[in-house]
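[1] Using only what follows, build the 3D model:
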Amino acid sequence: MPSRRTVLAAATLLPLAGGARPASAALKTAPKTAPKTAQDYYDRAAKLAGDDSVLKALVKALSPGLQMPAVQPVKPFKIFDDVAVVGTTFVQATALLTSKGVVLIDAMGSPDDAKKIIVPGLRDVGVNPAHIKYVVAAHGHDDHFGGAQYLADTYGARVMMHKADWDLIAAERPEHAPKRDLEISDGQKLTLGDTTIVFHHTPGHTPGTVSPIFPVRWKGRRHTAILWGGTNPPATTEAKRTNLTSVREAAVTMRRAGVDVELNNHGGADYGLTRIEQLRAGATKNPFIIGPARTQRFMKVMETMLRGRILQDQ
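    Sure, this is the predicted structure:
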(Lines give C-alpha, C1' and ligand atoms only; values in the text may rest on other atoms or scores of the structure.)
Protein backbone atom coordinates (compact mmCIF):
# COMPACT_ATOMS: atom_id res chain seq x y z
CA MET A 1 0.00 0.00 0.00
CA PRO A 2 1.45 3.42 -0.93
CA SER A 3 2.43 5.74 1.90
CA ARG A 4 0.47 8.91 2.65
CA ARG A 5 3.45 10.91 1.35
CA THR A 6 3.28 8.96 -1.94
CA VAL A 7 -0.46 9.55 -2.26
CA LEU A 8 -0.03 13.26 -1.66
CA ALA A 9 2.76 13.49 -4.20
CA ALA A 10 0.69 11.65 -6.78
CA ALA A 11 -2.27 13.95 -6.16
CA THR A 12 -0.27 16.95 -7.30
CA LEU A 13 0.16 15.37 -10.73
CA LEU A 14 -3.55 15.14 -11.48
CA PRO A 15 -4.73 17.38 -14.36
CA LEU A 16 -6.96 20.38 -13.84
CA ALA A 17 -10.53 20.38 -15.09
CA GLY A 18 -12.97 22.90 -16.49
CA GLY A 19 -10.96 25.57 -18.32
CA ALA A 20 -8.26 25.92 -15.69
CA ARG A 21 -4.58 25.82 -16.56
CA PRO A 22 -3.49 22.20 -17.21
CA ALA A 23 -1.43 20.60 -14.49
CA SER A 24 1.32 19.77 -16.95
CA ALA A 25 1.75 23.46 -17.80
CA ALA A 26 2.07 24.36 -14.13
CA LEU A 27 4.55 21.58 -13.51
CA LYS A 28 6.74 22.58 -16.46
CA THR A 29 7.12 26.08 -15.03
CA ALA A 30 7.54 25.02 -11.40
CA PRO A 31 11.00 25.57 -9.92
CA LYS A 32 13.21 22.48 -9.95
CA THR A 33 15.01 23.44 -6.75
CA ALA A 34 13.48 23.50 -3.29
CA PRO A 35 12.16 26.93 -2.27
CA LYS A 36 14.59 28.83 -0.07
CA THR A 37 12.50 31.86 0.90
CA ALA A 38 8.89 32.56 1.73
CA GLN A 39 8.52 34.39 -1.56
CA ASP A 40 9.79 31.29 -3.39
CA TYR A 41 6.84 29.39 -1.90
CA TYR A 42 4.39 32.15 -2.79
CA ASP A 43 5.71 32.18 -6.36
CA ARG A 44 5.42 28.40 -6.58
CA ALA A 45 1.83 28.56 -5.32
CA ALA A 46 1.01 31.18 -7.95
CA LYS A 47 2.44 28.94 -10.66
CA LEU A 48 0.45 25.99 -9.35
CA ALA A 49 -2.67 28.16 -9.47
CA GLY A 50 -2.01 29.21 -13.06
CA ASP A 51 -5.04 30.88 -14.60
CA ASP A 52 -7.53 29.13 -12.30
CA SER A 53 -9.62 31.89 -10.68
CA VAL A 54 -10.50 29.74 -7.66
CA LEU A 55 -6.87 28.94 -6.92
CA LYS A 56 -5.67 32.47 -7.64
CA ALA A 57 -8.19 33.75 -5.07
CA LEU A 58 -6.80 31.28 -2.53
CA VAL A 59 -3.24 32.50 -3.12
CA LYS A 60 -4.39 36.05 -2.51
CA ALA A 61 -6.36 35.09 0.60
CA LEU A 62 -3.34 33.36 2.15
CA SER A 63 -0.86 36.09 1.31
CA PRO A 64 0.53 38.21 4.17
CA GLY A 65 -1.07 41.57 4.77
CA LEU A 66 -4.40 40.81 3.11
CA GLN A 67 -6.84 43.70 3.46
CA MET A 68 -10.48 42.71 3.88
CA PRO A 69 -13.00 44.61 1.72
CA ALA A 70 -15.94 46.52 3.16
CA VAL A 71 -18.76 44.25 4.29
CA GLN A 72 -21.79 44.20 2.02
CA PRO A 73 -24.92 42.00 2.07
CA VAL A 74 -25.09 39.01 -0.24
CA LYS A 75 -28.44 38.10 -1.71
CA PRO A 76 -29.32 34.55 -0.60
CA PHE A 77 -29.03 31.82 -3.20
CA LYS A 78 -29.33 28.04 -3.57
CA ILE A 79 -25.98 26.96 -5.00
CA PHE A 80 -27.10 23.31 -5.21
CA ASP A 81 -30.48 21.62 -5.21
CA ASP A 82 -30.00 21.06 -1.48
CA VAL A 83 -27.58 23.79 -0.37
CA ALA A 84 -28.36 27.46 0.27
CA VAL A 85 -25.94 30.25 1.20
CA VAL A 86 -26.86 33.36 3.19
CA GLY A 87 -24.69 36.08 4.68
CA THR A 88 -22.44 38.98 3.76
CA THR A 89 -19.34 39.47 1.65
CA PHE A 90 -17.28 38.79 4.79
CA VAL A 91 -18.82 35.58 6.14
CA GLN A 92 -21.56 33.20 5.07
CA ALA A 93 -23.74 30.50 6.61
CA THR A 94 -24.39 27.37 4.58
CA ALA A 95 -27.70 25.51 4.91
CA LEU A 96 -27.81 21.81 4.02
CA LEU A 97 -31.39 20.96 3.15
CA THR A 98 -32.32 17.39 4.00
CA SER A 99 -35.57 15.44 3.89
CA LYS A 100 -35.91 15.84 7.68
CA GLY A 101 -34.74 19.40 8.24
CA VAL A 102 -31.81 21.77 7.93
CA VAL A 103 -28.22 21.53 9.11
CA LEU A 104 -26.79 25.06 9.22
CA ILE A 105 -23.01 25.30 9.03
CA ASP A 106 -22.00 28.51 10.82
CA ALA A 107 -24.25 31.19 12.26
CA MET A 108 -22.47 34.48 11.53
CA GLY A 109 -21.51 37.01 14.20
CA SER A 110 -24.45 37.90 16.42
CA PRO A 111 -28.10 37.28 17.30
CA ASP A 112 -28.88 40.28 15.07
CA ASP A 113 -27.14 38.54 12.16
CA ALA A 114 -29.25 35.46 12.74
CA LYS A 115 -32.47 37.44 13.07
CA LYS A 116 -31.91 39.92 10.23
CA ILE A 117 -29.79 37.96 7.74
CA ILE A 118 -29.99 34.19 8.25
CA VAL A 119 -33.70 33.84 9.02
CA PRO A 120 -35.08 36.11 6.27
CA GLY A 121 -32.39 34.85 3.88
CA LEU A 122 -33.53 31.27 4.27
CA ARG A 123 -37.13 32.30 3.79
CA ASP A 124 -36.14 34.13 0.59
CA VAL A 125 -34.95 30.83 -0.93
CA GLY A 126 -37.99 28.90 0.25
CA VAL A 127 -36.52 27.37 3.41
CA ASN A 128 -38.42 27.50 6.69
CA PRO A 129 -35.91 28.48 9.43
CA ALA A 130 -38.04 26.56 11.93
CA HIS A 131 -36.70 23.43 10.21
CA ILE A 132 -33.14 24.09 11.43
CA LYS A 133 -32.27 21.05 13.53
CA TYR A 134 -28.53 21.58 14.00
CA VAL A 135 -26.22 24.59 13.92
CA VAL A 136 -22.61 23.58 13.34
CA ALA A 137 -19.89 26.07 14.24
CA ALA A 138 -16.99 25.18 11.97
CA HIS A 139 -14.68 26.84 14.47
CA GLY A 140 -14.77 28.88 17.64
CA HIS A 141 -14.54 32.44 16.33
CA ASP A 142 -17.48 34.73 16.94
CA ASP A 143 -18.22 35.33 13.24
CA HIS A 144 -19.18 31.64 13.03
CA PHE A 145 -21.10 31.03 16.25
CA GLY A 146 -22.57 34.47 17.08
CA GLY A 147 -26.11 33.70 15.94
CA ALA A 148 -26.20 30.10 17.14
CA GLN A 149 -27.85 30.65 20.51
CA TYR A 150 -30.58 32.77 18.95
CA LEU A 151 -31.39 29.93 16.55
CA ALA A 152 -31.28 27.42 19.40
CA ASP A 153 -33.60 29.51 21.57
CA THR A 154 -35.99 30.38 18.73
CA TYR A 155 -36.23 27.07 16.88
CA GLY A 156 -34.88 24.46 19.28
CA ALA A 157 -31.79 23.76 17.15
CA ARG A 158 -28.88 21.88 18.72
CA VAL A 159 -25.50 23.60 18.55
CA MET A 160 -22.43 21.57 17.58
CA MET A 161 -18.74 22.44 17.91
CA HIS A 162 -15.52 20.51 18.43
CA LYS A 163 -14.60 19.99 22.08
CA ALA A 164 -11.39 21.99 21.70
CA ASP A 165 -13.31 25.06 20.57
CA TRP A 166 -16.01 24.65 23.20
CA ASP A 167 -13.07 24.80 25.62
CA LEU A 168 -11.65 27.80 23.74
CA ILE A 169 -14.79 29.90 24.08
CA ALA A 170 -15.25 28.77 27.69
CA ALA A 171 -11.80 30.20 28.43
CA GLU A 172 -12.17 33.38 26.36
CA ARG A 173 -15.85 34.09 27.16
CA PRO A 174 -16.61 36.00 23.95
CA GLU A 175 -19.82 37.90 23.46
CA HIS A 176 -22.72 35.88 22.02
CA ALA A 177 -21.08 32.53 22.81
CA PRO A 178 -23.65 29.72 22.69
CA LYS A 179 -24.32 27.50 25.68
CA ARG A 180 -22.20 24.38 25.55
CA ASP A 181 -24.14 21.68 23.74
CA LEU A 182 -23.06 18.86 21.39
CA GLU A 183 -19.38 18.03 20.89
CA ILE A 184 -17.96 17.06 17.50
CA SER A 185 -15.21 14.45 17.27
CA ASP A 186 -12.95 13.58 14.35
CA GLY A 187 -14.68 11.25 11.90
CA GLN A 188 -18.07 11.67 13.58
CA LYS A 189 -21.11 11.23 11.35
CA LEU A 190 -24.36 13.18 11.58
CA THR A 191 -27.31 11.80 9.66
CA LEU A 192 -30.44 13.86 9.16
CA GLY A 193 -33.01 12.48 6.76
CA ASP A 194 -31.30 11.49 3.52
CA THR A 195 -28.00 13.27 4.26
CA THR A 196 -24.97 12.05 6.20
CA ILE A 197 -22.26 14.55 7.09
CA VAL A 198 -18.79 13.39 8.15
CA PHE A 199 -16.89 15.83 10.35
CA HIS A 200 -13.11 15.96 10.00
CA HIS A 201 -11.02 17.68 12.64
CA THR A 202 -8.69 20.10 10.80
CA PRO A 203 -7.03 22.12 13.58
CA GLY A 204 -4.78 25.07 12.96
CA HIS A 205 -7.02 28.05 12.33
CA THR A 206 -8.34 27.22 15.81
CA PRO A 207 -7.69 24.11 17.91
CA GLY A 208 -11.14 22.75 17.10
CA THR A 209 -11.68 23.69 13.47
CA VAL A 210 -13.73 21.09 11.59
CA SER A 211 -14.22 20.64 7.86
CA PRO A 212 -17.32 18.59 7.02
CA ILE A 213 -17.66 16.37 3.95
CA PHE A 214 -21.20 15.76 2.72
CA PRO A 215 -23.22 14.86 -0.39
CA VAL A 216 -24.83 17.57 -2.52
CA ARG A 217 -27.03 17.41 -5.59
CA TRP A 218 -26.97 19.53 -8.73
CA LYS A 219 -29.87 19.01 -11.12
CA GLY A 220 -30.50 15.71 -9.40
CA ARG A 221 -26.95 14.40 -9.76
CA ARG A 222 -24.95 13.57 -6.64
CA HIS A 223 -21.57 15.14 -5.86
CA THR A 224 -19.36 15.19 -2.77
CA ALA A 225 -18.45 18.48 -1.10
CA ILE A 226 -16.05 19.68 1.54
CA LEU A 227 -16.53 22.93 3.38
CA TRP A 228 -13.09 24.03 4.60
CA GLY A 229 -13.66 25.22 8.14
CA GLY A 230 -10.90 27.78 8.67
CA THR A 231 -8.77 29.32 5.94
CA ASN A 232 -6.81 32.27 7.35
CA PRO A 233 -3.42 31.16 8.72
CA PRO A 234 -3.19 31.32 12.52
CA ALA A 235 -0.81 33.70 14.28
CA THR A 236 1.78 31.38 15.81
CA THR A 237 4.28 29.24 13.93
CA GLU A 238 3.26 26.18 15.96
CA ALA A 239 -0.39 26.63 14.97
CA LYS A 240 0.63 27.14 11.32
CA ARG A 241 2.49 23.81 11.45
CA THR A 242 -0.63 22.17 12.86
CA ASN A 243 -2.63 23.80 10.06
CA LEU A 244 -0.16 22.44 7.49
CA THR A 245 -0.55 18.91 8.83
CA SER A 246 -4.33 19.27 8.67
CA VAL A 247 -4.17 20.38 5.04
CA ARG A 248 -1.95 17.46 4.01
CA GLU A 249 -4.08 14.90 5.83
CA ALA A 250 -7.33 16.40 4.54
CA ALA A 251 -6.08 16.14 0.95
CA VAL A 252 -5.72 12.38 1.40
CA THR A 253 -9.17 12.12 3.00
CA MET A 254 -10.72 14.16 0.20
CA ARG A 255 -9.15 12.01 -2.48
CA ARG A 256 -10.43 8.84 -0.87
CA ALA A 257 -13.92 10.35 -0.50
CA GLY A 258 -14.01 11.52 -4.11
CA VAL A 259 -14.56 15.18 -3.18
CA ASP A 260 -15.34 17.19 -6.31
CA VAL A 261 -16.97 20.28 -4.75
CA GLU A 262 -15.09 22.92 -2.73
CA LEU A 263 -16.94 25.32 -0.43
CA ASN A 264 -15.80 27.88 2.11
CA ASN A 265 -17.43 29.92 4.87
CA HIS A 266 -15.53 33.00 3.66
CA GLY A 267 -16.45 33.19 0.00
CA GLY A 268 -13.94 35.91 -0.70
CA ALA A 269 -11.15 33.41 -0.05
CA ASP A 270 -11.98 30.99 -2.84
CA TYR A 271 -13.80 33.03 -5.51
CA GLY A 272 -17.01 31.73 -3.94
CA LEU A 273 -18.85 35.04 -3.99
CA THR A 274 -18.22 35.41 -7.71
CA ARG A 275 -19.28 31.83 -8.31
CA ILE A 276 -22.58 32.52 -6.55
CA GLU A 277 -23.18 35.43 -8.89
CA GLN A 278 -22.30 33.28 -11.90
CA LEU A 279 -25.02 30.85 -10.86
CA ARG A 280 -27.45 33.68 -10.19
CA ALA A 281 -26.78 34.95 -13.71
CA GLY A 282 -27.79 31.58 -15.14
CA ALA A 283 -24.56 29.57 -15.47
CA THR A 284 -25.47 26.14 -16.81
CA LYS A 285 -22.44 24.46 -15.25
CA ASN A 286 -22.11 24.74 -11.50
CA PRO A 287 -18.76 26.50 -10.82
CA PHE A 288 -18.53 24.97 -7.35
CA ILE A 289 -18.12 21.55 -8.97
CA ILE A 290 -14.41 21.77 -9.68
CA GLY A 291 -13.65 18.06 -9.87
CA PRO A 292 -11.35 15.82 -7.82
CA ALA A 293 -8.16 17.01 -9.54
CA ARG A 294 -8.78 20.68 -8.82
CA THR A 295 -9.80 20.00 -5.22
CA GLN A 296 -6.43 18.28 -4.79
CA ARG A 297 -4.63 21.19 -6.41
CA PHE A 298 -6.60 23.57 -4.15
CA MET A 299 -5.12 21.79 -1.14
CA LYS A 300 -1.63 21.78 -2.67
CA VAL A 301 -1.82 25.54 -3.19
CA MET A 302 -2.93 25.96 0.42
CA GLU A 303 -0.09 23.73 1.60
CA THR A 304 2.47 25.69 -0.42
CA MET A 305 1.25 29.05 0.86
CA LEU A 306 1.34 27.80 4.45
CA ARG A 307 4.92 26.63 4.00
CA GLY A 308 5.77 30.14 2.88
CA ARG A 309 4.00 31.70 5.86
CA ILE A 310 5.87 29.37 8.22
CA LEU A 311 9.20 30.25 6.66
CA GLN A 312 8.33 33.94 6.85
CA ASP A 313 7.93 33.55 10.62
CA GLN A 314 11.57 32.47 10.98
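[2] How many residues are close by the closest residue to A250 other than its chain neighbours?
    Distance criterion C-beta to C-beta, 6 or more residues apart in numbering; nearest residue to A250, sequence neighbours excluded, is T202 at 5.5 Å. Every C-beta, even on glycine, is put in place using the N, C-alpha and C of the backbone. By other C-beta atoms under 10 Å, 28 other residues sit near T202.
[3] What does the pLDDT read for T202?
    We have a pLDDT of 98 for T202.
[4] how close does it get to A283?
    Here the criterion is C-beta to C-beta, to the nearest Å. By it, T202 lies 29 Å from A283.
[5] what are the ranges of the strands in this protein?
    Counting by DSSP state E, the chain has strands at residues 73-80, 83-88, 92-98, 101-105, 132-136, 158-162, 182-184, 189-192, 195-201, 210-218, 221-228, 261-264.
[6] Let's have those in JSON lines, adding distance to P120 and mean neighbour count.
    Listed next are the strands of the chain as JSON lines, based on distance: least, C-beta to C-beta, whole Å; neighbours: other C-beta atoms under 10 Å:
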{"stretch": "strand 73-80", "distance to P120": "8", "mean neighbour count": "18"}
{"stretch": "strand 83-88", "distance to P120": "9", "mean neighbour count": "24"}
{"stretch": "strand 92-98", "distance to P120": "12", "mean neighbour count": "25"}
{"stretch": "strand 101-105", "distance to P120": "14", "mean neighbour count": "25"}
{"stretch": "strand 132-136", "distance to P120": "14", "mean neighbour count": "25"}
{"stretch": "strand 158-162", "distance to P120": "21", "mean neighbour count": "24"}
{"stretch": "strand 182-184", "distance to P120": "26", "mean neighbour count": "17"}
{"stretch": "strand 189-192", "distance to P120": "23", "mean neighbour count": "14"}
{"stretch": "strand 195-201", "distance to P120": "24", "mean neighbour count": "19"}
{"stretch": "strand 210-218", "distance to P120": "23", "mean neighbour count": "22"}
{"stretch": "strand 221-228", "distance to P120": "22", "mean neighbour count": "19"}
{"stretch": "strand 261-264", "distance to P120": "22", "mean neighbour count": "25"}
